[in-house]
Structure formats: C-alpha cells, structure tokens
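Sequence unavailable; structure follows:
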C-alpha cells in the first residue's frame, strides 16, 4: 500500500508493507519497523523505535482529509492513494477537498456546544460544534475558510447522521 501524506505544507511518500507478522513503513525512502495493536476502529497502540505511542486517525468518511491524534496533539493530515494523487497532480487537480457550503452531522448525537454565531468568519481548523456521541465529545472543525450563514441546531438537542448543522457563504 502506497500513500501520499500531506502534513502542513510537506508531502511524504509512505509505503506500508506487512512481512513476518510486522509492519514496515518506508517514509521518503527511510524504512522503520512498526508493531501495531488495534484498540478500536480508528485507535492503535504502535511501537516505533522501541517507543509506545497511541495513535487515533479519524475521518469524516467523505474525503482524504483525516485528523491524527498523536502525542496529545490534534494534527490535520491528508492521506491519499499514491497513484491517484500522482494522477491528480498530472491533471492539475488538487488533492485537498474544498469547503462545503453545508456542514452535516457526521454521526448521531447531542449538540453540546455551538462555538460560532451567524456572521462569524471561520478559518480552516476552527472549532464549530461539539457533538456528544457514544459518551465521547467530538469537536467538529471547519474544513476551510468561510462565513457562517445560518445555524440549524440548538445546544442540548439531538441530531441524526447527515442532519444539517450549519450553512456557510
């Protein structure tokens, strides 16, 4: 499996192989051995260079953008199939998804807090809404720069997956 990973403004060619009951990751030509134990759908404990690290990679399921929770930090990354990314580059297309005009609930849950107001200008990564789902607080962040046009939910109210939460201009 080969991927193009974008972190901030840097790109990394990442190839992952499974050999002899271990994973090997080659990152920009440098190979490291990785032992991983899955803790859940998106969480793993990894042993990298004899250091144990918990990693959680979350996605909205619709794009190549992910949120990596690693060493106490939340890091936005873009992970895309390497061949597809190269094809898009050749065609002059962007790998990064554009800001949608509507934010929909990524999961059923309860709206705990709305962090924005109508008319607010938000930047990529700004927190918009906190949704409680399965006893976990999930911070939904802006996928890009926009202006909040309308808020379609209230704190303390339940939402279903794909319910319209916010609209942007």
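Structure received. Keep in mind that this is a model prediction, so the values were computed, not measured. Numbers count the residues shown, from 1 in each chain.

Now do the helices in this protein.
82-90 (DSSP state H).

what ranges of it fall below the confidence cut-off?
For the chain, applying pLDDT under 70 flags the ranges 60-62, 94-99.

Give me the most central residue, it.
In the chain, the centroid-proximal residue (C-alpha atoms, centre = their mean) is residue 66; its distance is 2.1 Å.

hang on, that residue packs against residue 74?
No. The pair residue 66 and residue 74 fails to qualify as a contact (C-beta atoms under 8 Å) at a distance of 10.9 Å. Every C-beta, even on glycine, is put in place using the N, C-alpha and C of the backbone.

Got the domain ranges for the chain?
Annotated domains of the chain cover 2-90, 102-168 [automatic domain parsing].

highest average neighbour count across those domains?
When those are scored by mean count of other C-beta atoms under 10 Å, the highest mean neighbour count falls to domain 102-168 (a mean of 15).

how far away is the most far-flung residue of the chain relative to its centre from residue 50?
Distance from the C-alpha centroid of the chain, by C-alpha atoms, centre = their mean, peaks at residue 20 (30.2 Å). Look at residue 20 and residue 50: by C-beta to C-beta, to the nearest Å, they are 18 Å apart.

got it, and residue 11?
In terms of C-beta to C-beta, residue 11 sits 28 Å off from residue 50.

Tell me who's in contact with the closest residue to residue 67 other than its chain neighbours.
Of all residues not flanking residue 67 in the chain, residue 58 sits nearest, at 4.7 Å (C-beta to C-beta, 6 or more residues apart in numbering). The contact partners of residue 58, taken as C-beta atoms under 8 Å, 6 or more residues apart in numbering, are 42, 66, 67, 69.
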